[in-house]
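S.K.: give me coordinates for this.
(2 chains)
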Amino acid sequence: MVLDIVGRRALHALRGLSGFTWFTADTVGEVADHARRRRAPFHARLLWQQTRLVGVGSIPLVTLVSLFLGLTTAILASYQLARLGARESVPAFVAIGFTRELGPLLTGIVVAARSGAAYTAELGTMRVAEEVDAIEGMGLGALRYLVAPRILASMLMLPSLAVVSNVAGITGGAFIAHLQIDMSFRQYGVLALESLMTHDVVGGLVKSLIFGLMIGLIACYKGMTTTQAATGVGISTTSSVVMSVTSVIGCDTICNVVLTRIWP
Amino acid sequence: MTRDRAGLLEVRDLAFGYDGKPILRDLSLSAAPHETLAVLGTSGCGKSTLLRLILGLLKPGSGSIRFDDRDIAKLEGSELNEVRQKMGMVFQSAALISSIDVGANLALPLAELTDKRQDEIDRIVDEKLSLVGMKDAKAKLPAALSGGMRKRVGIARALVMGPKLVLFDEPGSGLDPVAAALIDELIVGLREHDTTCLVVTHNLQSAFRIATRMAMLHEGAILEEGTPDEFRTSKNPIVRQFLDGDPEGPLSEGYEATRE
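M.R.: Residues are numbered from 1 along each chain as shown, chains lettered A, B, ... in the order given. Next comes the predicted model:
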């Protein structure tokens, strides 16, 4: 009985993985095929629309959440580090923490919940309304036309939003350092910048690029495989957010293991 | 009973099923150039599935679908897309892209798949919208249109690439009799534009109005095929029951579950 359930779930997961792999390969194939015919893979207008949705539209939320997290991180760090007589380490703690970890991770979660859900809901609605079939039936290539610009926008915007998150988080930390451990903004800024190394910043940006790719792929895959009308769109959207957030956090762990080994 | 006709579209021994349940079995059908073939059948008998197979949106389990000297069942990717550009499909729900206006819906395949200049695209879009009497709706979003208007725009969109074959999925469904008659008139008018039409419907009035030839789909295969006059005088009990709308007869078995 238990084996039966485990077997069914494993089979379901394998089917999902196989579908996801084919979806990714087909999207790349359609884009490459269009490019081979010396045609633009998709209109710049479509990419522009999506970058506005993912990037510009997410700035307020990413900024606000990062600012709050920056404040919290600095409060906890200044409290503990001041007790150890290492109050000057607060800027480094916040700056490294955000650029390497919190900025990309927080941005990934916010984008997965906001834009990833929007991708899935929009594509899912188009799927059940036969709009995707209409695009496919016209010979346009639904993956090229609908999916590729969304994935690219997500990939391009995540690193940019991670920078916004880093700045907001570090700025939040500066306020706490000023109020709680009486550190000037200038001193905080100098110490924060001095503590940062190239690999902290680049590592974080590379991670956010990978998160962007994963969120775009998962959200679009879930949208394009939606069935069962309105209920299906709801189910797909929930599943997309859960899968994206889990994947981002899981991937973050793997990236940290790899980055600390190859670029400590 | 199927007749061997050299046609623009040749479907041979087509079989297809969902989750192991057969929908179409050894279905053979052909459509000659410039004719309007109406495929009749009860709800859920696989008429829409047939159109999706012809358009390459579904892959058959076996059989062939020859169109323009190529077997659609065997085509993939860009080759399939090339063939699709010679077909147009009018979906039951019209399936216009809801986020862009009517003009952009029509211009989309022209802009994406051809090298035409913008002024040329605008001219074709205006021409097709005029053909279906919807030129004034060019700047409107699909959500602002009635069901009949959406269907007409759907027909215009299906025609922009100058297709050899246009597929219609229940063109009159959900429309009032006048709107449905106007759609039928448009379909009849397409014959003058050298376009072959394959219309699936269970609306008999509409089918007899538009068809030059008819076929009845039953239990996954073509049960009877002929001219509208031959259909009217058919002796086949299943065809007779369908045409007469008689609740008693061989077709009623499929509705037993509904009755219970």
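S.K.: can you give me the end-to-end span of stretch A:138-147?
M.R.: Start-to-end span of stretch A:138-147 (C-alpha to C-alpha, to the nearest Å) is 16 Å.
S.K.: can that stretch be said to contact chain B?
M.R.: Yes - with C-beta under 8 Å from any C-beta of the partner chain as the measure, stretch A:138-147 is seen reaching chain B through A:138-141, A:145. Just so you know, the C-beta spots here come from the backbone N, C-alpha and C atoms, and that holds for glycine as well.
S.K.: chain A contacts on chain B?
M.R.: Contacts of chain B with chain A, taken as C-beta under 8 Å from any C-beta, map to B:52, B:55, B:57, B:77-78, B:80-85, B:87, B:89, B:91-93, B:95-98, B:108-109, B:111-113, B:157, B:161.
S.K.: 6 Å instead, please
M.R.: Taking C-beta under 6 Å from any C-beta of the partner chain as the measure of proximity, chain B contacts chain A at B:55, B:57, B:78, B:81, B:84-85, B:89, B:91, B:93, B:95, B:97, B:109, B:112.
S.K.: so where is the chain shaky, pLDDT-wise?
M.R.: This is for chain A. Scanning chain A for pLDDT under 70 picks out nothing.
S.K.: right idea, wrong chain: chain B
M.R.: Judged against pLDDT under 70, the low-scoring parts of chain B cover residues B:1-6, B:253-260.
S.K.: nearest residue to the spatially most central residue of it in space, please, no chain neighbours.
M.R.: Residue closest to the mean C-alpha point of chain B, counted by C-alpha atoms, centre = their mean, is residue B:168 at 2.3 Å. Nearest in space to residue B:168, with sequence neighbours left out and distances taken as C-beta to C-beta, 6 or more residues apart in numbering or on different chains, is residue B:199 at 4.2 Å.
S.K.: CA atoms of the helix or strand hosting the one you found as PDB?
M.R.: In the assignment (DSSP states H and E), residue B:199 maps to strand B:196-201. Only the C-alpha atoms of strand B:196-201 are listed here, as PDB (Å, rounded to 0.1, in the frame of the first residue of the first chain):
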ATOM      1  CA  THR B 196     -11.800  25.200 -48.800                       C
ATOM      2  CA  CYS B 197     -13.700  25.100 -45.600                       C
ATOM      3  CA  LEU B 198     -14.100  22.200 -43.100                       C
ATOM      4  CA  VAL B 199     -16.900  23.000 -40.600                       C
ATOM      5  CA  VAL B 200     -17.700  20.800 -37.700                       C
ATOM      6  CA  THR B 201     -21.100  21.400 -36.300                       C
END
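S.K.: sheet-wise, list the partners of that strand with their directions.
M.R.: Sheet pairing of strand B:196-201 (DSSP bridges) gives strand B:36-40 (parallel), strand B:165-169 (parallel).
S.K.: helix or strand right after the first one?
M.R.: Right, strand B:36-40. helix B:47-54.
S.K.: how far off strand B:196-201 does that next one point, in degrees?
M.R.: Angle, helix B:47-54 to strand B:196-201, by axes from the mean of the first three to the mean of the last three C-alpha atoms, to 10 degrees: 150 degrees.
S.K.: distance of residue B:222 from chain A?
M.R.: Applying C-beta to the nearest C-beta, to the nearest Å, one obtains 23 Å for the distance of residue B:222 from chain A.
S.K.: and the helices in chain A?
M.R.: With DSSP state H, the ranges of helices along chain A come out as A:2-36, A:44-54, A:59-83, A:90-96, A:103-111, A:117-128, A:131-137, A:142, A:148-180, A:185-195, A:198-224, A:229-262.
S.K.: just put these in a markdown table and tack on mean neighbour count.
M.R.: As requested, the helices of chain A are arranged in a markdown table below (neighbours: other C-beta atoms under 10 Å in any protein chain shown):
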| stretch | mean neighbour count |
| --- | --- |
| helix A:2-36 | 13 |
| helix A:44-54 | 16 |
| helix A:59-83 | 18 |
| helix A:90-96 | 24 |
| helix A:103-111 | 27 |
| helix A:117-128 | 23 |
| helix A:131-137 | 24 |
| helix A:142 | 22 |
| helix A:148-180 | 23 |
| helix A:185-195 | 16 |
| helix A:198-224 | 23 |
| helix A:229-262 | 16 |
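S.K.: sounds good, over and out.
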